[in-house]
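> Sequence first, predicted model second:
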Amino acid sequence: MFWTALKIVLFLAAVAGLTLGVEQLMNQEAGLRLAFADTEFTLGPVQMALAALVLLGGLWLLLKLAGLTVAVLRFIQGDETAISRYFARSRRRKGLEALTEGFLALASGDGDAALTKARRAEKLLENRTLTNLLMAQSAQAKGNTQLAEDYYKRLLEEDRSRFVGVRGLMAQQIEAGNDAKARKLAETALSLRPGHGETQDTLLMLQNRSGDWAGARHTLLEASRSGRLPKAVYKRRDAVLTLQLAQSEAEKGNEAMAFDLAIEANRASPELIPAAVMAAEAMIARGKARQAATVLKRAWKSMPHPDLARAFAAIAPDEAPAARIKRFESLLSQNDGPEAQMTRAELLIAAEDFPGARRAIGDLHETAPTQRVMTIMAAIERGEGSPEAVVRGWLARALTAPRGPQWVCDKCQHVHAEWKALCDGCGGFDTLSWKSAPETGATSRADGTEMLPLIVGALPSAAETVEDAEEPEDVIDITEAADIPESSAEAEVETPEDIEPDAPTPTTDKEATENTVVIDLAKTRRSGL
């Protein structure tokens, strides 16, 4: 309030002072006489004041015109002047507009417009870093790889843009399929900016593609140290890479190192089934059967799998069927689900306890009718002496039944014959899960051993096949069911008139036992499974 009143008082005082000054000036009788070319001018006090103001204005204008003339002359000579600065500001404004429009066109996917704006910005702007980046990305978006490579190389000339240039060249090499060059560029990029997450992921992907599992482990460790990966995720991925490294060493013949790596992978991720199987094999080879059983039981508790049952059987390959059934109970009790039922049924079939196998399999043929369940039912029917048409009916149903759990990629649903670290379909890392796949007609194995995995095991070698061919064995080939009419798949029991004339019809328990099942028990005992 005080300052407002003071301002008003000062304003009124100034107005009053000016008014008094003008009045005093007008009351003065003195004046100014000017004679020019026989002409005399008499100026009063007010006129004198106005004339002084006009004179000062003229002098100011004259000085400005002189300055403009000097500036034009200097501009013509190339010196920096206000005129040059004006044109520079105009060029910069137009260049920034072209640069902005170029990046917007690039973001919208219009490579032609982006490249056009980039060329205009390059002519108008002196900031080569931004224009080179826009030119490189615009040329890449348009598909002009050579032009993009040239401008990415220009980015390497400056320290602040070198990392961007290396990443751009790396992306080009990946797109061209040159993984070796892309890996070197990714390593260079990480040396320029350690801990860059996206570049670490790219390098890890390239190392996985090339099978550089040791290098991939190092990259994964650096990613974990940067805090990007949770501890649980790091341990799982490191276990997968360690398992792949173990398998690679095993292929090279370095069994000792392969076994050590497999045990390390199992310790890091006990629920990883392939690691558990390989670690158990390593422990069995080193005479540590009890530790192998513990490893397999822990993995079975997490996820029952036929490979775990095979490995558990390999702990005591020469044991009697009854002893094997008893020993397997400690494994199956860890997770007594459908896989345990099928495994128990297979063991009882191997022991020729077919009624017990039927009780063990329960109603899985209705609740979970998979090919393996149908094959087990065919084996049970054959072992109990059921008519041949009944056995063939179960086998025919197996041909059209779902395959059951397989190694399926969680991303692209691609089905794999065996576990892999990288998906064959989408290249995803550690994306395979043991689950039922969408019914697309894809097969999981070429040999069909997943029908009875515990008893059949792997296919014999060519030499074993020749030796087995010399021994007469009563074995039914599952593929014979392909010639059966579809109506037989629905038949549970057929009358004797419907049975083929040359099909054997067992009449006694002894004959049924001798005419064993869909499997070759003699071969099973020789293989130790």
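Arrived safely, thanks for sending. Numbers count the residues shown, from 1 in each chain.
> what's the burial count for T400?
Residues contacting T400 under the criterion other Cβ atoms under 10 Å number 11. Glycine gets a C-beta too; all of them are placed from N, C-alpha and C.
> That one and A214: what is the separation?
Distance of T400 to A214, computed by Cβ to Cβ, to the nearest Å: 46 Å.
> again with P405
32 Å.
> Looking at these two, which has the bigger crowd around it?
For P405 and A214, the more surrounded residue by other Cβ under 10 Å is P405, and the numbers stand at 22 against 14.
> bridging residues for the more buried one?
S436 (DSSP bridges).
> That one contacts V373, doesn't it?
No. Contact criterion Cβ atoms under 8 Å: P405 and V373 do not qualify, at 11.8 Å.
> got a list of what the residue nearest in space to the middle of the chain touches?
With distances taken as Cα atoms, centre = their mean, G428 lies nearest the centre of the chain, 4.7 Å away. Neighbouring residues of G428 by Cβ atoms under 8 Å, 6 or more residues apart in numbering: C409, D410, K411, C412, L422.
> can you redo those as TSV with distance to L130 and secondary structure?
Putting the contacts of G428 into TSV (distance: Cβ to Cβ, whole Å; DSSP: H, G, I helix; E, B strand; the rest coil) gives the following:
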residue	distance to L130	secondary structure
C409	41	strand
D410	41	coil
K411	37	coil
C412	39	coil
L422	38	strand
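> Need the max-distance pair from those.
Distance extremes for the contacts of G428: the farthest pair is D410 and L422 at 13.1 Å, using Cβ to Cβ.
> Which one's more surrounded, these two?
Taking other Cβ under 10 Å, D410 and L422 do not tie; L422 has more neighbours (19 against 14).
> which residues does the more buried one contact?
With Cβ under 8 Å, 6+ apart, L422 has these contacts: N208, R209, G428, F429.
> Next, the contact list for E339, please.
Neighbour list for E339: P304, H305, P306, A309 [criterion: Cβ under 8 Å, 6+ apart].
> and the residues you listed, which of them are in helices?
Judged by DSSP state H, the contacts of E339 include P306, A309 as members of helices.
> So which of the contacts of E339 is surrounded by the most neighbours?
With neighbours taken as other Cβ under 10 Å, the top of the contacts of E339 is A309, carrying 26 neighbours.
> Next one: it from Q341, what distance?
Distance from A309 to Q341, by Cβ to Cβ: 12 Å.
> With E251 instead?
Distance from E251 to Q341, by Cβ to Cβ: 36 Å.
> For those two, indicate the residue with more neighbours.
Set side by side, E251 and Q341 show more neighbours around Q341, with 21 against 9, by other Cβ under 10 Å.
> what's near enough to touch the more buried one?
Going by Cβ under 8 Å, 6+ apart, the list of residues near Q341 reads A360, I361, G362, L364.
> Of those residues, which is the nearest to L133?
L364 (62.1 Å).
> which SSE is the closest residue to that closest one other than its chain neighbours in?
Among residues not flanking L364 along the chain, V373 sits closest, at 4.7 Å (Cβ to Cβ, 6 or more residues apart in numbering). Using DSSP states H and E, V373 falls within helix 371-383.
> which other helices and strands contact that helix?
Under the contact criterion of 3 or more Cβ pairs under 8 Å, 6 or more residues apart in numbering; DSSP states H and E, helix 371-383 touches helix 338-350, helix 354-361, helix 364-367, helix 388-400, helix 509-514.
> Tell me which residues are up against the shortest one.
With Cβ under 8 Å, 6+ apart as the contact definition, helix 364-367 has outside contacts at P338, Q341, M342, T370, V373, M374, M377.
> So which of these is the closest to A182?
Nearest to A182, judged by Cβ to Cβ, of those is T370 at 42.7 Å.
> which residue sits closest to the closest one, ignoring its sequence neighbours?
Closest residue to T370 in three dimensions, ignoring its sequence neighbours and counting by Cβ to Cβ, 6+ apart: G404, at 3.5 Å.
> these two touch, right, the one you found and M374?
No. When contacts are counted by Cβ under 8 Å, G404 is not listed as touching M374 (10.2 Å).
> Who has more neighbours out of those two?
Set G404 next to M374 and count neighbours by other Cβ under 10 Å: M374 wins out with 25 against 21.
> if I look at the more buried one, how far off is A360?
15 Å.
> And for R290?
Relative to A360, and taking Cβ to Cβ, R290 is found at 26 Å.
> who has more neighbours, these two?
Applying other Cβ under 10 Å to R290 and A360 shows that A360 carries more neighbours, namely 23 against 10.
> residue contacts, that one?
Q341, R344, A345, L348.
> Mind picking the one among those that's closest to A437?
Nearest to A437 among the contacts of A360, with distances taken as Cβ to Cβ, is Q341, at 20.9 Å.
> Can you give me the distance of that closest one to I361?
Between Q341 and I361 the computed distance is 6 Å (Cβ to Cβ).
> and stretch 221-233, average pLDDT?
Average pLDDT, stretch 221-233: 88.
> helices or strands next to the longest helix seen in the chain in the packing?
Counting residues, the longest helix found in the chain (DSSP H) is helix 45-77. Where contact means 3+ Cβ pairs under 8 Å, 6+ apart, helix 45-77 is packed against helix 2-26, helix 82-107.
> Including mean pLDDT and mean neighbour count, could these go into CSV?
Below are these laid out as CSV (pLDDT from 0 to 100; neighbours: other Cβ atoms under 10 Å):
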stretch, mean pLDDT, mean neighbour count
helix 2-26, 79, 10
helix 82-107, 84, 15
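> Save those as JSON lines, and put in distance to L220 too.
Below are the helices and strands packed on helix 45-77 laid out as JSON lines (distance: least, Cβ to Cβ, whole Å):
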{"stretch": "helix 2-26", "distance to L220": "70"}
{"stretch": "helix 82-107", "distance to L220": "33"}
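> out of those, nearest to Q172?
With Cβ to Cβ as the yardstick, what comes closest out of the helices and strands packed on helix 45-77 is helix 82-107 (16.1 Å).
> Just the CA trace of stretch 59-77, in CSV.
Backbone C-alpha positions of stretch 59-77 (Å, rounded to 0.1, in the frame of the first residue of the first chain) are rendered in CSV as follows:
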residue,chain,number,x,y,z
LEU,A,59,21.8,11.9,-36.9
TRP,A,60,20.8,8.6,-35.5
LEU,A,61,19.3,7.5,-38.9
LEU,A,62,22.4,8.6,-40.7
LEU,A,63,24.6,6.5,-38.4
LYS,A,64,22.4,3.5,-38.9
LEU,A,65,22.6,3.8,-42.7
ALA,A,66,26.3,4.1,-42.4
GLY,A,67,26.5,0.9,-40.3
LEU,A,68,24.2,-1.0,-42.7
THR,A,69,26.5,0.0,-45.6
VAL,A,70,29.5,-1.2,-43.8
ALA,A,71,27.8,-4.5,-42.8
VAL,A,72,26.8,-5.1,-46.4
LEU,A,73,30.4,-4.6,-47.6
ARG,A,74,31.7,-6.9,-44.9
PHE,A,75,29.0,-9.5,-45.7
ILE,A,76,30.1,-9.4,-49.3
GLN,A,77,33.7,-10.0,-48.2
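> Right, I'll call it a day here.
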